[in-house]
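Trainee: build me a structure from this.
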Amino acid sequence: MGVKVSSFGKIPSGKETSLFTLINKNGMCLEVSDYGATLVALMVPGKDHTTTDVVLGYEDATDYWNNDGYLGATVGRSCNRNGGANVTIQGKVYELPKNERGKNNLHSSPDGYDRMVWNYQVDEEHLSVRFYRMSPDLEQGYPGNFEISVTYTLTEENEVRIHYHGVSDKDTVANMTNHTYFNLSGHQNGTILNHEVWIDSDAFTAIDEESIPTGEICQVDGTPFDFRKQKRVGAEIGADHAQLILAGGYDHNFVLNKEKGELKKIAEVFDPESGRRMEVSTTCVGVQFYTGNFITEGVQGKEGAIYHKRSGLCLETQFFPDAVHHENFPSPILKAGEPYDSVTIYKFI
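Mentor: Residues are numbered from 1 along each chain as shown. Next comes the predicted model:
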């Protein structure tokens, strides 16, 4: 029980980072860092009562700095892809870094929130850590001084609750997510192809050859994207479907059957091998289901683990990718002075 604070190493600037270990009464353990407001480790009991770390990650802040993949990171100011790396707000065009294919923006990088050392506040009574920072006007190209916080809470019901809150002094884009890769068998235990997934979604957003949404919303009926009944990840991942071929597997936004702001269960992951089950609830309107198609082959993670393609899967709650360029998508524009508030819960049962 309680919160332990320890060193998590230095980044190249010499700045020190910290690791926060939270343990509930059931023996579930969550580790998060002020580097990138990152979810580093998550120890969860299985059917044989063996506790295993079910998220991919690295040993320390130096390894996170030196490797890609956004493992466990808080992503912002805007997650996912932006075609053309620009956004128009109140008639003014703001240019963003072109860090993908030399013309698009991915996850607000290369200087995204995943690369920042955040301020923090520990709440031992509620088993939570609040990370916060001021994102200055035009950071990553976005307008507005954006006061943002990300709070991780480990509950006694074996939930990891992630709460995002922020206010900007100018209209801006606010679309944050967590990029944790889950493997319920254990982060070092093979692929997630035998995991079974359910997603409460009747449609997904189609992508082009650069993984940028086309604006078309496609029904899942009769396609490999139908997860309305629990299905093995590997059952149709290799199907001859144009969208799967373009992404090298699943890397798509699913349109959730819910209203914006409504906290609702939207997905479930089950691992028959370990017996672990994870429920995902969110206030967001979309979720990116990503099957680790581009994990760097053979990269070394924590505890000497070697990661490969599809070693983990992500369920990244969000506004739809590239929503600023599609009027038929819910808008991620945050009005000046209005609160940005988003909650996602990963519950283990």
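Trainee: now do the contacts for residue 197.
Mentor: Listed by Cβ atoms under 8 Å, 6 or more residues apart in numbering, the contact set of residue 197 reads 227, 230, 231, 232, 233, 267, 268, 269, 270, 289, 313. No exception for glycine: its C-beta is placed from N, CA and C like everyone else's.
Trainee: one more pass at 7 Å, please.
Mentor: Residue 197 is in contact with 227, 230, 231, 233, 267, 269, counting by Cβ atoms under 7 Å, 6 or more residues apart in numbering.
Trainee: and of the residues you listed, the nearest to residue 64?
Mentor: Closest approach between the contacts of residue 197 and residue 64, by Cβ to Cβ: residue 269, at 24.1 Å.
Trainee: find the nearest non-adjacent residue to the closest one, please.
Mentor: For residue 269, ignoring the flanking residues on the chain, the nearest one in space by Cβ to Cβ, 6 or more residues apart in numbering is residue 278 at 4.6 Å.
Trainee: burial of that neighbour, as a residue count?
Mentor: Residue 278 has 23 neighbours, counted by other Cβ atoms under 10 Å.
Trainee: partners of the strand or helix carrying it in the sheet?
Mentor: Taking DSSP states H and E as the criterion, residue 278 maps to strand 277-282. Here strand 277-282 has these sheet partners by DSSP bridges: strand 264-270 (antiparallel), strand 339-348 (antiparallel).
Trainee: and the nearest residue to residue 90 once chain neighbours are set aside, what pLDDT?
Mentor: Distances taken as Cβ to Cβ, 6+ apart put residue 171 closest to residue 90, at 5.9 Å, once the chain neighbours are dropped. pLDDT for residue 171: 98.
Trainee: and the end-to-end length of stretch 221-234?
Mentor: End-to-end distance of stretch 221-234: 18 Å, with Cα to Cα, to the nearest Å as the criterion.
Trainee: any idea of the mean pLDDT in it?
Mentor: Stretch 221-234 shows a mean pLDDT of 98.
Trainee: show me what contacts the closest residue to residue 100 other than its chain neighbours?
Mentor: The shortest distance from residue 100 to any non-neighbouring residue, by Cβ to Cβ, 6+ apart, is to residue 106 (4.2 Å). Neighbour list for residue 106: 81, 99, 100 [criterion: Cβ under 7 Å, 6+ apart].
Trainee: I'd say the second one and residue 109 touch.
Mentor: Yes. Between residue 99 and residue 109 there is a contact under Cβ atoms under 7 Å: 5.0 Å.
Trainee: just to revisit the earlier point, buried residues in the strand holding residue 278?
Mentor: Within strand 277-282, the residues scored as buried using 16 or more other Cβ atoms under 10 Å are 278, 279, 280, 281, 282.
Trainee: may I see those arranged in CSV, with distance to residue 142 and pLDDT as well?
Mentor: Below are these laid out as CSV (distance: Cβ to Cβ, whole Å; pLDDT from 0 to 100):
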residue, distance to residue 142, pLDDT
278, 32, 98
279, 33, 98
280, 27, 98
281, 28, 98
282, 23, 98
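Trainee: residue ranges of the helices in the stretch 151-300 of the chain, please?
Mentor: Remark: helices assigned in the stretch 151-300 of the chain by DSSP state H, counting those that start in this stretch are 242-247.
Trainee: count the residues that sit near the residue lying closest to residue 82 once chain neighbours are set aside.
Mentor: Ranked by Cβ to Cβ, 6+ apart and with sequence neighbours excluded, the top spatial neighbour of residue 82 is residue 105, at 4.2 Å. Residues near residue 105, counting by other Cβ under 10 Å, number 26.
Trainee: all good on my end, thank you.
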